[in-house]
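Novice: sequence first, predicted model second:
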Amino acid sequence: MMTMQQFIDQIAAEKAKQLPIVNEDRWRNKFHLMAPIGWINDPNGLCYFKGLYHVFYQYSPLDAKGGLKFWGHYTSPDMVNWTEHEVALSPDIAADVDGVYSGSALIHNDEMYLFYTGNVKHKGDYDYILTGREQNVIMVKSTDGFNFSEKKVLLTNEDYPKNMGLHVRDPKVWEEDGTFYMVLGARSVDDKGYVILYQSTNLTDWELLSVPAGGLDDMGYMWECPDTFKLEGKDVFMFSPQGMDAKGFKYHNVYQSGYAIGSFDESKQVLSLGEFDELDRGFDFYAPQTFKNHDGRIIMYGWAGVPDAVEHVNPTIEKGWQHCLTLPRELVLKGEKIYQVPVEELKAMRQTETVIENIALDEQPVFELFEDDTYELNLDFKETTAFEILFREDCNLSWKDGVFTLALGESGYGRDKRQVELSNLSNVRIYSDHSILEIYLNDGEEVFTSRIYNKELDKKLSLKGTGHVTLTKWEL
């Protein structure tokens, strides 16, 4: 078993070899967080601590296809300007030898506590679902956010309900009225998704409180990345179910991520949930995590990717890297619907502004707007009943007969079409980076995230439809 320092030295050697290749890739993004080399997936340990935002993330520096997992680490004073740090956590003890898996952060008594799943896979003829796997909840803490204590194993397979298999992971921890709570996502022995709830008075000793929700026939076989928080006084349960069947325009990715508005009963034995709603309708979104900011906002990052998505590919693997994170989004509850709004801090990225007012869509205008693939584009529609937007070579956005469609051609590398029913559409906001689009409809009522790999810079924006639109573009 390698030590933390040995891992750091190995990663440094790999970076020296790979960075010149990675950094020359035109698809490296400008303002989305990426791993310096290799693979990135779930955002982890999100928090604001001693004047800095901390984003930890699942990191496979030695394999762009996703291998042994570490926690990478970025910090920022403003969620715009980021500093990369050495790996924060390595798989260097027996309880996490096969990977430092996902988890969360808690700030308590001026210390940062990190909780994560240590993965262990025994060698042998195992299915790793019911046999051959350990999923251990492990904690470290820090007084500065950069140097961490020795690892402490809090929970092992023996501490989970007996009707659960060996997939129990992704601790999210919070404090409420002087008591600490932890939710874990789980897969039962009969292949149904559950959430498991623990409680503690000291962050070290945890006891099973309940299995408050799960076991539903149409909600998949595993609930990953559970998260719970309050918006407008309501309990929100956010999770990533695996194994859901597509229904109409819904659930077309191999795995989903979404939320349900609900409420715990007084004893936290039951979490009553409303209807599950996808957070993002695009091709590339999974494993979101939130944190409560020091100003009270609930802010979310997601992984701009989906595990096991064999129907599409990322050509950047050939250059030694893959995936990125989404931009930070503030979550706002309107009725029973969560709206996602890019955080206000991102406006600091705006540079040169271009405004074209009252464009007649029926004249099918074409504008040569873009000097780079990195920009923010706002489209405000007036008296519009249908429209079509074409940009980035073959990215087509359209709204007709109450259906919004994102369609990609060759630039999607297997990503074809995603849709959502939307009776009214008044504005579209697009963040375009070198190899990703984030598309926000009606001020965040619906969001589409997709990787995109157009081979050449396309300067043109083509529009057609009915009514008028005002266009505002910022270089970023």
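Specialist: It's in. Numbering: from 1, shown residues only.
Novice: hey, C-alpha coordinates of whatever helix or strand residue 428 lives in in PDB?
Specialist: Using DSSP states H and E, residue 428 sits in strand 427-433. What follows is strand 427-433 as a C-alpha-only set of coordinates in PDB (Å, rounded to 0.1, in the frame of the first residue of the first chain):
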ATOM      1  CA  ASN A 427     -35.800  33.700 -22.200                       C
ATOM      2  CA  VAL A 428     -32.800  31.500 -22.900                       C
ATOM      3  CA  ARG A 429     -29.500  32.000 -21.200                       C
ATOM      4  CA  ILE A 430     -26.400  30.100 -22.500                       C
ATOM      5  CA  TYR A 431     -23.000  29.700 -21.000                       C
ATOM      6  CA  SER A 432     -20.700  28.400 -23.800                       C
ATOM      7  CA  ASP A 433     -17.200  27.100 -23.000                       C
END
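Novice: count the neighbours of the nearest residue to residue 317 once chain neighbours are set aside for me.
Specialist: Leaving aside its chain neighbours, residue 317 sits nearest to residue 64 (5.0 Å; criterion: Cβ to Cβ, 6 or more residues apart in numbering). Backbone N, C-alpha and C define where each C-beta goes, glycine included. The number of residues packed around residue 64, counting by other Cβ atoms under 10 Å, is 23.
Novice: just checking, residue 64 touches residue 322?
Specialist: Yes. Assessed by Cβ atoms under 8 Å, residue 64 is found in contact with residue 322 at 4.9 Å.
Novice: what touches both of these two?
Specialist: With contacts defined as Cβ atoms under 8 Å, 6 or more residues apart in numbering, the residues shared by residue 64 and residue 322 are 38, 39, 316.
Novice: take the residues you listed and lay them out in a markdown table including distance to residue 446, secondary structure and pLDDT.
Specialist: Converted to a markdown table, the shared contacts of residue 64 and residue 322 look like this (distance: Cβ to Cβ, whole Å; DSSP: H, G, I helix; E, B strand; the rest coil; pLDDT from 0 to 100):
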| residue | distance to residue 446 | secondary structure | pLDDT |
| --- | --- | --- | --- |
| 38 | 32 | strand | 98 |
| 39 | 29 | strand | 98 |
| 316 | 27 | helix | 98 |
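Novice: in which helix or strand does the residue nearest the centre of the chain reside?
Specialist: The C-alpha lying nearest the average C-alpha coordinate of the chain belongs to residue 302 (Cα atoms, centre = their mean; 1.3 Å). For residue 302, the host element (DSSP H and E) is strand 298-303.
Novice: and for residue 239?
Specialist: strand 234-242.
Novice: what are the pairing partners of the next helix or strand after that strand, and which direction each?
Specialist: Sequence order places strand 258-264 as the next helix or strand after strand 234-242, per DSSP H and E. Strand pairing for strand 258-264, determined by DSSP bridges: strand 234-242 (antiparallel), strand 271-273 (antiparallel), strand 277-278 (antiparallel).
Novice: wait, the residue nearest to the centre of the chain sits on residue 282?
Specialist: No. At 10.2 Å, residue 302 does not count as touching residue 282 under the criterion of Cβ under 8 Å.
Novice: which neighbours do these two share?
Specialist: Both residue 302 and residue 282 are in contact with residue 449, where contact means Cβ under 8 Å, 6+ apart.
Novice: right, and residue 192 touches residue 211 too?
Specialist: No. Residue 192 is beyond contact range of residue 211, at 11.0 Å (criterion: Cβ under 8 Å).
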